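S.K.: How does the following fold in three dimensions:
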Amino acid sequence: MTDDTFANKKILVADDEERIVRFIRLNLEQDGFQVVEAFSGRQALDKLRQTLPDLIILDVMLPDLDGFEVLRMVRENHDVPVIMLTAKTEEDDRVRGLELGADDYVTKPFSPRELVSRVRAVLRRTEGQRESEGIIEVDDRLKIDFDRRQVWVEGKLVKLRPTEYRLLYHLVQNAGWVVTHDQILAKVWGYEYRDEPHYVRLYVNYLREKLETDPANPKYILTERGVGYRFVDLKKPEEKAAKPAAKSKK
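M.R.: Below you'll find the model as predicted:
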């Protein structure tokens, strides 16, 4: 059964095993997606430039350029969402992909249902970044323009990846209130990710590195231990200068 929401969305599948590519293609096409195939790292980059896909499924083990190198080159010029495929289960490999800008990963072997569900979830959260809240001046150092999806720190434009932007949006939207790990996962990643809290910790760290003067002692994104996170209350300027050690450390 197809989902009209994603009808004709174009997916680039890059894997050196033809049977894997055919398997993925069959299941994606059954759900109404268009599929573009690539069997090496360089071919994946060429197909990206030629076809401008809506999402990339990228295997880690590719000839000529491995998936991590391809991802690094993709992120130099493109915000297209990327799901990494890997046969490895080590957390370091998963984290490396996320650090380079992957939006998600799927470990081989995987079921068709799992892969299609992940594709839909990533598309939902990247397509859903149309929210508008106008310009928010958090303080004289940090300014956020949700209409243009731009963030300035000390007058300099800071580039956020799509997932980082969506996380920031939901934190700022609830400024002054605690947002639980489960709420963040549901809003930013989707309910399919309720058992993967490490996504939240990792991307909060990414935002802190880009926005905070001292990421180890943040003043914008505060930790509520064992519960979740809270963006500084925009109505209480005095809180912006406070750094309560018990709550702000990772």
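
S.K.: Residue 60 - nearest residue in space that isn't next to it in sequence?
M.R.: residue 67 (4.0 Å; Cβ to Cβ, 6 or more residues apart in numbering). (Each C-beta comes from the backbone N, C-alpha and C, glycine too.)

S.K.: do the same with residue 222
M.R.: Closest to residue 222 by Cβ to Cβ, 6+ apart is residue 230, at 4.9 Å.

S.K.: Just say helix, strand or coil for that neighbour.
M.R.: Here residue 230 is strand, with the state taken from DSSP: H, G, I helix; E, B strand; the rest coil.

S.K.: Assess the claim that it and residue 178 are in contact.
M.R.: Yes. The criterion here is Cβ atoms under 8 Å, and residue 230 meets it with residue 178 at 4.8 Å.

S.K.: Now the phi/psi pair for the residue nearest in space to the middle of the chain, please.
M.R.: Geometric centre of the chain, nearest residue: residue 163, 3.3 Å, by Cα atoms, centre = their mean. Dihedral angles of residue 163 (phi, psi; degrees, to the nearest 10) stand at phi -70, psi -40.

S.K.: so it touches residue 185, yeah?
M.R.: No. Contact status for residue 163 versus residue 185: not in contact, 11.7 Å apart, counting by Cβ under 8 Å.

S.K.: Am I right that residue 49 sits in a strand?
M.R.: No. Under three-state DSSP, residue 49 falls outside any strand and is assigned helix.

S.K.: what about it, distance to residue 153?
M.R.: Distance, residue 49 to residue 153, by Cβ to Cβ, to the nearest Å: 31 Å.
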